[in-house]
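Novice: Mind folding the following:
(chains A and B)
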Amino acid sequence: MPAHVATYALVGIESRRVDVEVDLRAGLPTFTIVGLGDRAVREARERVRSAIVNSGFTFPAKRVTVNLAPAYLHKSGPAYDLPIACAILAAAGELPAERLARLAVYGELALGGEVRPSRGVLAVAEGVRAQGLAGLVVAPEHVREAGLVEGVSALGAATLRDVVAILRGEEVADGGGSPAPEAAAAEAPGPALADAPDLADVRGHAAVLEALTVAAAGGHNLLMTGPPGTGKTMLARRLPTILPPLGRAEALEVTRIHSVTGLRRSGALATERPFRAPHHSVSPSGLVGGGDTPRPGEVTLAHHGVLFLDELSEFQRPSLEALRQPLEDGRIAIVRGQRTAIFPTRFQLVAATNPCPCGLAGTGACRCTESDHARHRRRLSGPLLDRIDLHVAVGRPTGEQLAGPPLRTSARERERVVEARERQQRRLAGTGATSNAYLDAALVRRHVRLDAVAEGHLWRHYDRGALSARGRLRVLRLARTLADLEGRDAVAATHVLQALALRQDDGVTAVGA
Amino acid sequence: MTACPACLRRAWLVAHLAAHLETAWRGRRPLKDILALDDAALIAALAGRRRPAVEAAHEAWSPDASLAACAAAAVTPVCRHDAAYPARLRTGPGAPAVLHVAGDPARLEALVGGDVHDGAPAAAIVGTRRASPEALEVATALGRGLAAAGVTVVSGMALGVDSAAHQGALDAGGPTVAVLACGPERPYPASKRALHRRLVAERLVVSELPPGTPPWRWSFPARNRIIAGLGRLTLVVEAAERSGSLITADFAADLGRDVAAVPGRAWSPRTRGSNGLLRQGAEVVLDVEDALDAVLGLDRPVTTGAASAGAELPGDLGRVLDAVAAGDHVPAAQADGPGVAAALAALADLEGRGLVRRAPGGRWVATGPGH
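Specialist: Residues are numbered from 1 along each chain as shown, chains lettered A, B, ... in the order given. From the prediction side, this is the model:
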């Protein structure tokens, strides 16, 4: 009679149930694992054998066959060690099989029998709840993370002996067997760290700060241009601090993604929005996800947060092209052979670039020509700029400004942003758009009504060739957000003017071009 | 308005000998001496072994084909015996025999008609094809300011400074003429097709070469002598050491016309040519006022477009404009927290009035020197 243990495979950022079956037959002692495992799974034989023996149990001297079902699913990683060991002990009669059948087991084993932490416990715990299993046995470090999922009792086990003790109903020394208290799951955000980024760290840069607030309030993507060393990265890093705080569902999603990819080991619920800044040498699959077993890319790691692309013009063209679907749809489908994975990618984009190839345009030391500028602009244009509403130049603050007081604080700006977002959500309820950045032409017509003065400003810019038709739509979206930040229902001429000054307009070519 | 057969034949001959002129140009024979020769001497000097054939073709030439080609290309030939031919171009044996005019030839009189001092005021604005953004801005502003004051902006429609000057004149709704180094109906360079179309429709494009002639290396310096001849003043905006603009300046000096230049950075190779002109005594042009002084004389009536526009600006706009003109490319950064919204609105307002522009890279540049 084979023994069964439930465990989970990570597929993308989801978990899929896997049943570990162990059959013991009389014959020459062998140990075989079948079921499409990778090398880490095959090497589990040595770890499991040593762990069982070193924990004081007897490894059955029989033909041991381990099957990981379903057999078509590729399995990878060392987290099958503990379930395989448990199934072998159950088959050998060391463990009560009926108790084991109601639990899931997940973890890597050391040769001495200690349980090691593994990636993706939150995703596994969500699978456990979906399957209606009673509990999940994991390394003690993971009890808190597994406990984030309501209704799953997480059982911490530091060693294989602990696991056996828990299943036999014995007390475990450090109390790891008790279900994780729900209080630990709903961990309140701790006191702000002294070195946490804040807008109060910024001196000068008034226009960029305004652009950041507008970006946060309307969900608009932002392009910053400026010479090297003026603080573009420092400013972008502070955008998450003024975005609305993560809701619980969002926080769980962020925690799950970061746990699966091994970025987050603390087990606590994420409280800050992620900020991802991939280097410009990143490959398309590094950026949007990919690989033989599809792994999430930077766009997914930035889900519900900020994706910062510094030196935008240096990114490979294919990488930037690949951003189109994530930006448009808020998710990306990765198709590799027989396998398809869908990852969520609702991030806010902040891009930074030098104003010209030498980076010194506007400082008087620039030696670029008209054609250099045109080439630089061509490198930037394309599907990406199409999704960017805001454009602001970042200059060098003066010495006076550097010595002066900060202009804004994150706490105050976040309040304004939250209020502006609430106004948008009331207005856009039921339309599918979540913020002003997602207003299409029809929604703009309905929600952005201009008086004659404001229309006049737009026409003057259009007539001068300073505004393209697409640029006009972006200006109207921005004007809507600026009015929301002031708590106004009507978009006034001054909002349109400010929006014009902050617009990103790739449809307009320079004089003489 | 038309051209006499002798002049048309001369124009045909120059185009017919284009390849030989190219050889002579490469052999560094002085272009103005060659072009000063009469027909027979020109053939003798250039045609070499093909001389009998060229002479036969010259004998057999009839005006019908030339006139038909002009009509087909919507080009009007105006020869130097015609009253409409600009008197200022009749400067000697090297003057072009025929001006081929694309656009309404009746505009010739208003744009470049009469003697250089008493006729329609005109200035040539020339400079490098590889212009810096600042030089483009200066060329555009000078073109705009001169044209707004009624001075015809003469240039060569080349990339960079030339077309920026034309563009500025068109922006101001003022007079401008392009002189090409190929047939006047050809948009050359091709990327300036839109500018060419607009110049033909609203102003004039002229050339000494008949329609269908492609641009040759020698025809650019030859064209430059016409640019220099049409203007009272030749103004070089940005020129490196070996620039065609310096050839234009040389022609202008030979003709006794004024030469001026916009100063550049002292050691920059990009402005070594124009700075060299200043060292030789060219007039210094820092803004539109200087250029107008040089063209119209110091006793001209005061007509300052940009300054009056600045003086009438309401509220804070004047202060913001001055900040941009002073080189503060991100003036909103100077404002404090609450003031930034007003500063941004002021920038957009100024942009709508055409007083500032957003350069590539998002920074703001003034389209004039402020007020």
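Novice: going forward, measure contacts between C-alpha atoms and count neighbours the same way
Specialist: OK.
Novice: Quickly list what the most centrally placed residue in chain B is bridged to.
Specialist: Geometric centre of chain B, nearest residue: B:Ser155, 0.6 Å, by C-alpha atoms, centre = their mean. Beta-bridge partners recorded for B:Ser155 (DSSP bridges): B:Ala178.
Novice: That one and B:Pro175 touch, don't they?
Specialist: No. B:Ser155 is beyond contact range of B:Pro175, at 11.6 Å (criterion: C-alpha atoms under 8 Å).
Novice: Grab the CA positions of stretch A:240-256 and hand them over as CSV.
Specialist: Taking Å, rounded to 0.1, in the frame of the first residue of the first chain, the C-alpha atoms of stretch A:240-256 are listed here in CSV:
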residue,chain,number,x,y,z
PRO,A,240,6.7,54.7,-3.9
THR,A,241,6.7,56.7,-0.7
ILE,A,242,3.9,58.9,-2.0
LEU,A,243,1.8,56.3,-3.7
PRO,A,244,-1.3,55.1,-1.8
PRO,A,245,-0.4,52.5,0.8
LEU,A,246,-0.8,48.9,-0.3
GLY,A,247,-4.2,47.3,0.3
ARG,A,248,-4.3,43.9,2.0
ALA,A,249,-5.0,42.0,-1.3
GLU,A,250,-2.3,44.0,-3.1
ALA,A,251,0.2,43.3,-0.2
LEU,A,252,-0.5,39.6,-0.3
GLU,A,253,0.1,39.6,-4.1
VAL,A,254,3.3,41.5,-3.8
THR,A,255,4.5,39.2,-0.9
ARG,A,256,3.6,36.1,-2.9
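Novice: Low-confidence regions, chain B specifically.
Specialist: Chain B contains residues with pLDDT under 70 at B:1, B:300-311, B:326-338, B:360, B:368-371.
Novice: can you give me the strands in it?
Specialist: Per DSSP state E, chain B carries strands over the ranges B:75-79, B:98-102, B:122-126, B:152-155, B:176-179, B:204-207, B:233-236, B:258-261, B:283-284, B:356-358, B:364-366.
Novice: got those strands as CSV, with distance to A:Ala351 columns?
Specialist: What follows is these, written out as CSV (distance: least, C-alpha to C-alpha, whole Å):
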stretch, distance to A:Ala351
strand B:75-79, 51
strand B:98-102, 47
strand B:122-126, 38
strand B:152-155, 40
strand B:176-179, 42
strand B:204-207, 44
strand B:233-236, 39
strand B:258-261, 41
strand B:283-284, 43
strand B:356-358, 19
strand B:364-366, 20
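Novice: So out of everything in the stretch 301-450 of chain A, what residue is nearest chain B?
Specialist: A:Pro355 (4.3 Å; C-alpha to the nearest C-alpha).
Novice: Next, that residue: secondary structure please.
Specialist: The three-state label given to A:Pro355 by DSSP: H, G, I helix; E, B strand; the rest coil is coil.
Novice: Now it: closest residue in space that isn't a chain neighbour?
Specialist: Once flanking residues are discounted, A:Pro355 sits nearest to B:Gly361: 4.3 Å by C-alpha to C-alpha, 6 or more residues apart in numbering or on different chains.
Novice: which residue ranges form the strands in the stretch 151-300 of chain A?
Specialist: Counting by DSSP state E, counting those that start in this stretch, residue ranges of the strands within the stretch 151-300 of chain A are A:153-156, A:221-225, A:275-276.
Novice: check which helix or strand covers A:Gln325.
Specialist: helix A:324-329 (DSSP states H and E).
Novice: Quick check: what element follows that helix along the chain?
Specialist: Once helix A:324-329 ends, the next helix or strand along the chain (criterion: DSSP H and E) is strand A:331-336.
Novice: what mean pLDDT does that next one have?
Specialist: Strand A:331-336 shows a mean pLDDT of 86.
Novice: now stretch A:52-68
Specialist: Stretch A:52-68 comes out at a mean pLDDT of 94.
Novice: which residues sit against that stretch?
Specialist: Residues from elsewhere that reach stretch A:52-68 (C-alpha atoms under 8 Å, 6 or more residues apart in numbering or on different chains): A:18-36, A:49, A:84-85, A:92, A:111-113, A:160-161.
Novice: cutoff 6 Å now
Specialist: Applying C-alpha atoms under 6 Å, 6 or more residues apart in numbering or on different chains, the contact partners of stretch A:52-68 are A:19-27, A:29-35, A:112-113.
Novice: For the residues you listed, which PyMOL command selects only the ones that are buried?
Specialist: Burial among the contacts of stretch A:52-68 is assessed by 16 or more other C-alpha atoms under 10 Å in any protein chain shown; the matching PyMOL selection reads:
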select buried, chain A and resi 19+20+21+22+23+24+25+31+33+35+112+113
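Novice: which of the contacts of stretch A:52-68 come close to chain B?
Specialist: With the criterion set as C-alpha under 6 Å from any C-alpha of the partner chain, no member of the contacts of stretch A:52-68 is near chain B.
Novice: Show the contacting residues for A:Pro227.
Specialist: A:Pro227 neighbours (C-alpha under 6 Å, 6+ apart): A:354, A:359-360.
Novice: most neighbours, which of these?
Specialist: Within the contacts of A:Pro227, most neighbours by other C-alpha atoms under 10 Å in any protein chain shown means A:Asn354, with 24 neighbours.
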